Structures are given as C-alpha cells and as structure tokens.
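In: generate coordinates for the sequence data below:
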Amino acid sequence: MMTTWCYIWHEDSHGGGDNLVLELPEPDRFQTMLREWGINDDSRIVVYWGSEWVTPTARTIFTLDWAGLGDRTVLMNGGLGAWKAAGNDVTAEAPHRGNGNVTVRPRDDLIVDATWVQEHATELGYALVDARSQAVYDGIRETRGRAGHIPGAGATPWGEFVDEEIMLRSAAEIEAVFAGAGVRDGDMVVAYCHIGQYATMALFAARTLGYEVKLYDGAFQDWAQRDLPVEREPNRAKGDEAVHESLPVRCGDRCRPFACVPYHGSWARRVRGVLDRRRHGCERRRPRARLGESSICRVPR
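Out: Got it, this is the predicted structure:
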C-alpha cells in the first residue's frame, strides 16, 4: 500500500446546496479531484492540519470516510506544527501527481437528516451530541437566529478533544467528554454543530474509541431553517453571559487562532462519570472495536 501526500484545500472536500453552507460533494466530482491528487484504490492517505485548522482536517477525514476510504485514511497527530517541532523538513513545492485510479463508493449510511434526528435523538442506543461551544449549547449565545440546542443532545465542544499542544487527547479523557454528554458503551454517536464541520471532530474522536457514528450534516443551520424546537440548558441559560466569560479557558494562548472553548469546571464530573460507569458495570448495548492507532499516526523523529 502506497502512502499519498498532497495538498488539499479543505473547501475541495465539500459541496453546497439547499441553502446550506457545508454539504458533502457530488461523488463524481470528488472522485475526479481524488484522482487528480494521485490517489489510487491502494493508497494510504495521511491527513494533517497545516495551521491549527483542526476541524477542517476532521471534515476532510470524514469526507474521505464517506467516500469509502476510511479504512486507509489516518490523521497525523499534532499536524504540521508537530512535524516541524520534531525537526522534519518542509517544502513549498506541491508535487503534481495526477492519474490516480481511486473509485468513490459513497457511504450514505453515515449521514442523517432532521427527520431521522427527530425520530432517534432520545431513542435507546443512540446518543446525539452537540460539538458547538458550551455557551452556544446553553443558549447564552444565539446562532442562526436561535438560542439553544436540539432537544436530547449532550454537549461535547470540539475543543475538548485536543490539548494545549493541539494533540488529540488520551482515550480516557475523550471517553470522559462523551460520558459527560450521556454517551454510554454501545451507543451510536450522532453529532451536529453549526454547519457540519465541528461535529466531524467529535465523530473522529468517537471513532478512536470504537463508537459507530453518524453526522447530521445539515446541522443547526438546517434545524433552524425548519423552525424545529430547541431547548436551553436550565442551570446556565438563566445566568449572565459574563459568568461564562469570567471562567478560565481550557487552552493556552497557542490555541486562540482556532477559537478556544470556555471551560466550565465540568471535567472532574465527567471523569467521575466514567469511573462510576465502570464501577457499576453498565450494560453494553453494542460492542465497540477501538480504532486506536489505525486512525492516528505519530510524527516521525
């Protein structure tokens, strides 16, 4: 299996339509682009972020998974920053490969719509999560003209899946985030965000733990356009936005270019939630097979 390195502008991996900002590309058009990048049916694809653009990278990986290439696509943990920090060479040249022979086989089972979400959001065995910031989830900040989140969704702000060095957090930490959102062993994780980008980071993290996943690609923009019901977090939405702003943030100054997520002191509670589940032996409803190192590669030194 050959490894393919190429430059991908993240907008190449999505399309648009139905008055939505971000949707999956047309399969034929995406296949043409992949072949122009020199990707073959036996290529191993390594994806990394170049300038701390974590969520566009996750969106690219999800799109490749949707195209039927998920089993040969990996994330280089830490991105270009980690590559440089390890003393590896960089170049300004973008090689022209072309003449790839990859075949796109869309996995439409990974995508759900608003009707599906309404029917399954609170159903046993499914866990709907919101990857937007906690303040937006709580209804403190309005988005798309609406304040709050889809009923039944738990909060998993995408920034909680990476650390101060912009590295993917440990499996235990990621599991704690999902536990705090009400996700249990065996659940299928269904994620949404503003337009379908932040959510893919939550789905990538879920896949490293072995969860089956689906994306509500229309996201909150579609939900708001349809004027569907929303709910607000009762303990926080009554408060002042200034309370949120006064709390410490999880990330340091290095993370500010990709919009730090306010930290609301719930981390310890989430860790306790994981420990309680293990202590009480919660029932598994669907077995998980961890992706682990098969979906992440380390920077060579």
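In: from what I can see residue 126 touches residue 187, true?
Out: Yes: the pair residue 126 / residue 187 is scored as a contact, 6.3 Å apart, by CB atoms under 8 Å. For glycine as for every other residue, the C-beta is placed from the backbone atoms N, C-alpha and C.
In: what about this structure, any weak spots by pLDDT?
Out: Within the chain, the stretches with pLDDT under 70 are 1-18, 234-301.
In: how about the strands in it?
Out: Counting by DSSP state E, the chain has strands at residues 2-4, 15-17, 20-23, 43-47, 73-76, 111-112, 126-130, 154-155, 188-192, 212-216, 296-297.
In: output those strands as a markdown table; include the columns mean neighbour count and distance to residue 99.
Out: What follows is the strands of the chain, written out as a markdown table (neighbours: other CB atoms under 10 Å; distance: least, CB to CB, whole Å):
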| stretch | mean neighbour count | distance to residue 99 |
| --- | --- | --- |
| strand 2-4 | 13 | 12 |
| strand 15-17 | 12 | 24 |
| strand 20-23 | 17 | 28 |
| strand 43-47 | 18 | 12 |
| strand 73-76 | 20 | 20 |
| strand 111-112 | 19 | 30 |
| strand 126-130 | 26 | 41 |
| strand 154-155 | 20 | 46 |
| strand 188-192 | 25 | 36 |
| strand 212-216 | 22 | 31 |
| strand 296-297 | 16 | 26 |
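In: wait, which of those is closest to residue 93?
Out: Residue 93 lies closest, by CB to CB, to one member of these: strand 2-4, at 15.8 Å.
In: relative to residue 144, how far out is the closest residue to residue 19 other than its chain neighbours?
Out: If you skip the residues right next to it in sequence, residue 19 has residue 225 as its closest partner in space, 6.7 Å away by CB to CB, 6 or more residues apart in numbering. Using CB to CB, to the nearest Å, we find residue 225 at a distance of 8 Å from residue 144.
In: could you do residue 194 as well?
Out: Distance, residue 194 to residue 144, using CB to CB: 7 Å.
In: re the thing from before, I'd like the strands of the chain as a markdown table, with distance to residue 169 appended.
Out: Shown next, in a markdown table, are these (distance: least, CB to CB, whole Å):
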| stretch | distance to residue 169 |
| --- | --- |
| strand 2-4 | 26 |
| strand 15-17 | 31 |
| strand 20-23 | 25 |
| strand 43-47 | 18 |
| strand 73-76 | 13 |
| strand 111-112 | 26 |
| strand 126-130 | 16 |
| strand 154-155 | 16 |
| strand 188-192 | 16 |
| strand 212-216 | 17 |
| strand 296-297 | 11 |
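In: nearest to residue 98, out of these?
Out: Comparison of these against residue 98 by CB to CB identifies strand 2-4 as nearest, at 11.9 Å.
In: so what's residue 122 closest to, chain neighbours aside?
Out: Spatial nearest neighbour of residue 122, excluding adjacent residues (CB to CB, 6+ apart): residue 152 at 4.3 Å.
In: ugh, typo on my part, it should be residue 103
Out: residue 41 (6.1 Å).
In: residue contacts, that neighbour?
Out: Counting by CB atoms under 8 Å, 6 or more residues apart in numbering, residue 41 touches 101, 102, 103.
In: what number of residues lie near the last one?
Out: Residue 103 sits with 13 neighbouring residues when counted by other CB atoms under 10 Å.
In: so where do the helices sit in the protein?
Out: Along the chain, counting by DSSP state H, helices occupy 27-36, 54-64, 79-85, 114-120, 134-138, 171-180, 198-208, 219-225, 241-246, 267-280.
In: from the contacts of residue 41, pick the one nearest residue 132.
Out: Using CB to CB, residue 102 is the member of the contacts of residue 41 that sits closest to residue 132, with 33.1 Å.
In: tally of neighbours for the closest one?
Out: Residue 102: 22 neighbours (other CB under 10 Å).
In: now it: phi and psi?
Out: Here is the backbone geometry of residue 102 (degrees, to the nearest 10): phi -60, psi 150.
In: ok, it touching residue 32?
Out: No: here residue 102 does not reach residue 32: they are 10.1 Å apart, not a contact under CB under 8 Å.
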